[in-house]
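> Everything below, folded, please.
(one chain, ligands or ions: 1)
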Amino acid sequence: MSIHTFEIDPVRHPVTILKRPTGADYPPLPGNLHRAPTALVRAREICGGDLVLACFEVSAPTTTYADHYTDVFPAAPSTFTGGDHCNHCASAATRLSPEQGVVITRDFPWDVCDVWDRDALALIIPAAWAAAHLATVSQSLAAHGLGTLPSPGGIHLALPDCTTMHLTPIRSGHEQAAPAGWVARHGQTTVYDSTHHDLDPHDDARWAAQATALYAAEVQRGTDFNDIWEACLGKLLKRACTASGLNAFTDGSAGAEFVTLPLPDGSQISIDDSVHETTGVLISEYRRLFVNHFPLEKDSETCEEILLPTTGTFWGDMAALLQTARARHHASLPSTP
Ligand SMILES: [Zn+2]
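Here you go, the predicted structure:
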């Protein structure tokens, strides 16, 4: 999380939000949440599922600083009915009227009511952002021609072989909170898993959808992933590039050394596996894509390595590669006057 300064009322209450503290008391936010967009809102604007990161001492006379929670929690707001609900509500009622108060949560994480002044400030990751990401993934899958069945736990995908694939947002321990990443599974196969990877949340959602689509297309094709002649890295890469509108070449054999992607300006991208230095391996042996851009004629003196993030699976890495390759392809198109 970067450092932001919001000035809601710059004369009376400048608000400074410092970075979340580190150390034993402040566990890092799970998954990719430290890169999620945050919003500064009034307590009355907090919605169910918003992840509450910090509160503020509103009575401070000068600059107001964020007080980060050691354990962030999803809001479950409800109306403050006054002091007749429980001891904590009764305590809150000594300083807040039912009109001034709002209950942010009644149980989790403290098993008691947490009553705030309606005008108090909160730093949150909006639940709407999480919902938008779920919608983005569903729409991306639909754009790849895959019909999805939204389910309470994520997205179910019926594959042509009558099996089901599951694409599940990783919850940060709480139902409805912003996803900390994505996991896609088909039986025992993990197609995508961003659990232990530091990925931009927007890219993460798109790559999860793309990885799922790439895998589903191979299942539809009837690919045997244990057959080196039809499912080696090079051939899977070539088919994925072709499906993305990119021309790709291999030498045609299962032992293809690398895959070549010619770009419109005459330069080219070459791809192999960084450990095996070939694309002639089964994806079960895949380690990491090694991608180079050769400016014009292939010349190892002048090539530039394109560093891609590792997503945790071959399918995710391929999604990241395709995004980069399409961008390079587009950038090398001759500009129209
Ligand atoms: Zn209560």
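
> Do a quick rundown of the helices in the chain.
Listed in chain order, the helices of the chain (DSSP state H) span 87-93, 127-143, 201-221, 228-231, 233-243, 314-331.

> Quick one: closest of those helices to the ion.
With respect to the ion, and counting by C-beta to the ion, the nearest of these is helix 87-93 at 3.4 Å. Where you see a C-beta, it was placed from the backbone N, CA and C, and this is true even at glycine.

> what helices or strands is the closest one leaning on?
Helix 87-93 is packed against strand 101-105, strand 114-117, with contacts defined by 3 or more C-beta pairs under 8 Å, 6 or more residues apart in numbering; DSSP states H and E.

> Dump the ones you listed to JSON lines, plus mean pLDDT, mean neighbour count and distance to A142.
JSON lines is the format used below for those (pLDDT from 0 to 100; neighbours: other C-beta atoms under 10 Å; distance: least, C-beta to C-beta, whole Å):
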{"stretch": "strand 101-105", "mean pLDDT": "95", "mean neighbour count": "23", "distance to A142": "35"}
{"stretch": "strand 114-117", "mean pLDDT": "94", "mean neighbour count": "22", "distance to A142": "39"}
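
> how about those strands in a markdown table, adding distance to F290?
Output for those, formatted as a markdown table (distance: least, C-beta to C-beta, whole Å):
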| stretch | distance to F290 |
| --- | --- |
| strand 101-105 | 48 |
| strand 114-117 | 51 |
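
> Out of these, the one nearest E45 is which?
Set against E45 and scored by C-beta to C-beta, the helices and strands packed on helix 87-93 come closest in strand 101-105, at 9.6 Å.

> who does the closest one pair up with?
If you go by DSSP bridges, strand 101-105 pairs up with strand 78-79 (antiparallel), strand 114-117 (antiparallel).

> thinking again about what came up before, can I get the helices of the chain in CSV including mean neighbour count and distance to the ion?
As requested, the helices of the chain are exported to CSV (neighbours: other C-beta atoms under 10 Å; distance: least, C-beta to the ion, whole Å):
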stretch, mean neighbour count, distance to the ion
helix 87-93, 16, 3
helix 127-143, 17, 23
helix 201-221, 23, 34
helix 228-231, 15, 59
helix 233-243, 22, 55
helix 314-331, 20, 44
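
> can you tell me which of those comes nearest to P27?
helix 201-221 (18.8 Å).

> and the helices and strands packed on helix 87-93 as a markdown table, adding distance to the ion?
Formatted as a markdown table, the helices and strands packed on helix 87-93 follow (distance: least, C-beta to the ion, whole Å):
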| stretch | distance to the ion |
| --- | --- |
| strand 101-105 | 7 |
| strand 114-117 | 7 |
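
> of those strands, which approaches T190 most closely?
strand 101-105 (33.6 Å).

> So which residues make contact with the closest one?
43-44, 46, 52, 73-80, 89, 92-93, 113-118, 122 (C-beta atoms under 8 Å, 6 or more residues apart in numbering).

> mind checking how far that strand is from the chain centre?
Centroid separation for strand 101-105 versus its chain: 30 Å, with C-alpha atoms, centre = their mean, to the nearest Å.

> cool, and stretch 138-147?
17 Å.

> For that stretch, give the mean pLDDT please.
The pLDDT scores in stretch 138-147 average 75.

> Pull up the distance across that stretch, start to finish.
Start and end residues of stretch 138-147 are separated by 9 Å (C-alpha to C-alpha, to the nearest Å).

> what's in contact with that stretch?
For stretch 138-147, the external contacting residues (C-beta under 8 Å, 6+ apart) are 148, 150, 155, 157-158, 167, 205-206, 209-210, 212-213, 216-217.

> one step back: can you redo the strands paired with strand 101-105 as TSV with distance to I17?
Below are these laid out as TSV (distance: least, C-beta to C-beta, whole Å):
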stretch	distance to I17
strand 78-79	26
strand 114-117	17
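
> residues near whatever residue of the stretch 101-250 of the chain ends up closest to the ion, how many?
Per C-beta to the ion, C113 is where the stretch 101-250 of the chain lies closest to the ion, at 3.2 Å. A count of neighbours around C113, defined by other C-beta atoms under 10 Å, yields 22.

> do the one 10 residues further on as well
By the other C-beta under 10 Å criterion, the neighbourhood of L123 contains 25 residues.

> how about the residue of the chain most remote from its centre, what does it touch?
Seen from the C-alpha centroid of the chain, the residue lying at the greatest distance (C-alpha atoms, centre = their mean) is T94, 43.0 Å away. Residues in contact with T94 (C-beta under 8 Å, 6+ apart) are G83.

> can I see the domain layout of the protein?
With domains defined by automatic domain parsing, the chain comprises 4-125, 128-221, 228-331.

> hey, least reliable of these by pLDDT?
The minimum mean pLDDT among the domains of the chain belongs to domain 128-221 (a mean of 78).

> distance between the ends of that domain?
With C-alpha to C-alpha, one end of domain 128-221 sits 36 Å from the other.

> related to what we said a few turns ago, what's the separation between the residue of the stretch 101-250 of the chain closest to the ion and E99?
Look at C113 and E99: by C-beta to C-beta, to the nearest Å, they are 17 Å apart.

> go on, T302?
70 Å.

> Give me the buried positions along the strand ranked longest in the chain.
With secondary structure taken from DSSP state E, the chain has its longest strand at strand 64-74. By 16 or more other C-beta atoms under 10 Å, the buried positions in strand 64-74 come out as 64, 66, 68-69, 72-74.
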